[in-house]
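J.: sequence and predicted model, in that order:
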Amino acid sequence: MAELSYILCLLFIIVYSLHTVLCREGRILNGEPATLGLFASQVQIRLKKRNLHKCGGSLVEETHVVTAAVCIDGLAADKLSVMGGDVSLYETTVGSRQFRDVDMIIIHPSYNPKIDRWAYNVAVLKLIAGFARNSELAPVQMATPDKEKYHHCFTPGWGIGSIRNTPPKLSDRLYYAELFVVDFTVCGNCAEKTMCAISTSEKQGVCKGDEGGGLYCNGYLRGIYAGSFNECTGAGATFGDIIQLGPWIKSILVWEGDGEIPLPLPEGRRLAIGRKAGSGGSRSYTESIFILLAYLWLL
């Protein structure tokens with residue numbers, strides 16, 4: 001009996017050790033720890049009331065953050081804050097750590113999760129005040145078609161290391177995974193304005209809580225993590241394609257907040273969620289539909 005107990009105990013230790021090595025609890029799946037400043041544009045979007053992690057994002061200007069629409073759809077701007085300049089979420093002594101409040105949330109007008117949760121999955125957060133640029137926190141340039149090919153990439157995140165963790169928990173430390181851009185059909189979908197990236201070993205990747213984080217290739221922002229059909233398994237991950245979404249993002253960077261959101265595509269319109277410059281707030285969805293119907297009736 002004692003011998004059987006010894007064997008069972010030994011098996012438990014072996015299984016637990018393998019679980020720790022393979023799952024890397026509390027971190028991006030099988031990732032490496034990021035040093036301060038390695039991903040200087042990576043920021044964290046959090047819920048202010050409970051100081052909870054919501055998702056990742058990329059600083060593209062001192063006053064603007066690019067993230068996934070799925071992260072913040074339905075939320076109000078004054079409920080969010082953005083942290084940058086640190087690799088730790090909570091306990092830190094780093095002097096470069098900064099927080100900024102969100103002035104406005106601008107979701108791509110063609111994003112409609114009821115039709116396709118992957119397509120046009122991008123949003124821009126306009127901050128009330130800009131971040132102070134330093135070596136640990138700085139905007140990243142977006143990839144453009146005229147640049148060299150972007151295939152060898154890295155994606156950082158504070159997300160859960162594996163959904164098999166019990167209980168699942170976020171990482172307090174920023175980790176990153178090495179991914180390569182492949183044909184978008186590898187990710188199992190053909191959504192508009194998306195791309196696919198995967199690890200060659202299929203043991204690295206993104207997980208829950210990493211949404212909105214950037215895919216960085218050759219120092220440029222190439223994608224925005226939107227999700228995966230087989231999340232937290234190392235399977236191909238779907239990213240919003242910055243090369244295709246870049247023109248809309250750039251139009252938002254110069255938009256002053258008055259009137260309707262710039263819409264380079266004809267698929268539909270959606271007003272910003274949050275405070276508008278020079279007004280008490282944005283119109284509700286119902287009000288917007290009413291105005292549109294009234295306009296069509298007058299034609």
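T.: Noted; the coordinates are in hand. Just so you know, these numbers come straight off a predicted model, no measurement behind them.

J.: how about the helices of the stretch 1-150 of the chain, start to end?
T.: Taking DSSP state H, counting those that start in this stretch as the test, the helices found in the stretch 1-150 of the chain are 2-23, 69-72.

J.: looking at these, which one has the lowest mean pLDDT?
T.: Lowest mean pLDDT within these: helix 2-23, a mean of 37.

J.: beta partners of residue 223?
T.: Counting by DSSP bridges, residue 223 forms beta bridges with residue 215, residue 241.

J.: which secondary element of the chain has the worst mean pLDDT?
T.: Lowest on mean pLDDT, DSSP states H and E among the helices and strands of the chain sits helix 2-23, with a mean of 37.

J.: which stretches of the chain form strands?
T.: In the chain, the segments counted as strands under DSSP state E are 32-33, 42-47, 52-61, 64-67, 80-84, 98-107, 123-127, 152-157, 175-182, 194-198, 214-217, 220-227, 237-241, 273-274.

J.: hey, which of those is tucked in deepest?
T.: For the strands of the chain, the largest average neighbour count (mean count of other CB atoms under 10 Å) is found in strand 237-241, namely a mean of 29. To be clear about C-beta, it is placed using only N, CA and C from the backbone, and glycine gets the same treatment.

J.: so which elements touch that strand?
T.: Here strand 237-241 touches strand 194-198, strand 220-227, going by 3 or more CB pairs under 8 Å, 6 or more residues apart in numbering; DSSP states H and E.

J.: which ones are touching the nearest residue to residue 220 once chain neighbours are set aside?
T.: Nearest residue to residue 220, sequence neighbours excluded (CB to CB, 6 or more residues apart in numbering): residue 143, at 4.2 Å. Listed by CB atoms under 8 Å, 6 or more residues apart in numbering, the contact set of residue 143 reads 150, 217, 220-222, 242-243, 246.

J.: ok, now how distant is the closest residue to residue 132 other than its chain neighbours from residue 35?
T.: What sits nearest to residue 132 in space, not counting adjacent residues and going by CB to CB, 6+ apart, is residue 98, at 6.5 Å. From residue 98 over to residue 35 the distance is 18 Å, taken as CB to CB, to the nearest Å.

J.: try residue 97
T.: From residue 97 over to residue 35 (counting by CB to CB), the distance is 15 Å.

J.: more crowded one of these two?
T.: Ranked by neighbour count (other CB atoms under 10 Å), residue 97 and residue 35 place residue 97 first, with 16 against 11.

J.: and residue 72, how many neighbours?
T.: Neighbourhood size, residue 72 [other CB under 10 Å]: 26.

J.: got it, and the one 4 residues further on?
T.: Here the neighbour count serves as a burial measure; for residue 76 (other CB under 10 Å) it reads 14.

J.: got phi/psi on it?
T.: phi -90, psi 150 (degrees, to the nearest 10).

J.: look up which residues are beta-bridged to the residue nearest to residue 132.
T.: residue 84.

J.: which residues are in contact with residue 241?
T.: Taking CB under 8 Å, 6+ apart as the test, what residue 241 contacts is 193-195, 223.

J.: I figured the residue nearest to residue 132 was touching residue 131, is that so?
T.: Yes: counting by CB atoms under 8 Å, residue 131 is a contact partner of residue 98 at 5.5 Å.

J.: need the overlap of contacts for the two.
T.: Shared contacts of residue 98 and residue 131 (CB under 8 Å, 6+ apart): 84-85, 137.

J.: need those residues in TSV (columns: pLDDT).
T.: Shown next, in TSV, are the shared contacts of residue 98 and residue 131 (pLDDT from 0 to 100):
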residue	pLDDT
84	96
85	94
137	96
